[in-house]
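In: with the sequence up front, the predicted model follows.
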Amino acid sequence: MNTNYEYYLKADVGKFIGEWIAIVDGKIVAHSSNVKKTYEEAKKKYPSKRPLITRVPDKETMIF
């Protein structure tokens, strides 16, 4: 399993609810309400890495 995905599953991302986050090397390196901005910021910081980009669901979102 991807290290960044494993980090996401275990991380406390509560302060990023409703935002997009970028994870590189097991840490959150960028976040914003705009996915493109989040990706660009992560690539600027880590140009040779492939970030995991995901949206932190709202509290009301139910995942089955």
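Out: Nice, I can see it.

In: what's near enough to touch R55?
Out: 18-21, 35 (C-beta atoms under 8 Å, 6 or more residues apart in numbering). In this view, the C-beta of every residue, glycine as well, is placed from N, C-alpha and C.

In: and of those residues, the nearest to E6?
Out: Taking C-beta to C-beta as the measure, E6 lies nearest I21 of the contacts of R55, at 14.6 Å.

In: pull the number of nearby residues for that closest one.
Out: 22 (other C-beta atoms under 10 Å).

In: surely it and I28 touch.
Out: Yes. The criterion here is C-beta atoms under 8 Å, and I21 meets it with I28 at 5.2 Å.

In: which residues are common contacts for the two?
Out: Common neighbours of I21 and I28 (C-beta under 8 Å, 6+ apart) are V13.

In: most centrally placed residue in this structure?
Out: I21 (2.6 Å; C-alpha atoms, centre = their mean).

In: and that residue, backbone torsions?
Out: In terms of degrees, to the nearest 10, the main-chain angles of I21 are phi -130, psi 150.

In: can you tell me the closest non-neighbouring residue to it?
Out: Spatial nearest neighbour of I21, excluding adjacent residues (C-beta to C-beta, 6 or more residues apart in numbering): H31 at 4.6 Å.

In: who are the contact partners of the residue lying closest to N34 once chain neighbours are set aside?
Out: Ranked by C-beta to C-beta, 6+ apart and with sequence neighbours excluded, the top spatial neighbour of N34 is W20, at 7.0 Å. If a contact means C-beta under 8 Å, 6+ apart, then W20 has 31-35, 38, 53-56 as its contacts.

In: of these, which is the most crowded?
Out: T38 (22 neighbours).

In: scan this structure for its longest helix.
Out: helix 35-45 (DSSP state H).

In: residues of it that come out buried?
Out: For helix 35-45, burial by neighbour count (16 or more other C-beta atoms under 10 Å) applies to 38-39, 41-43.
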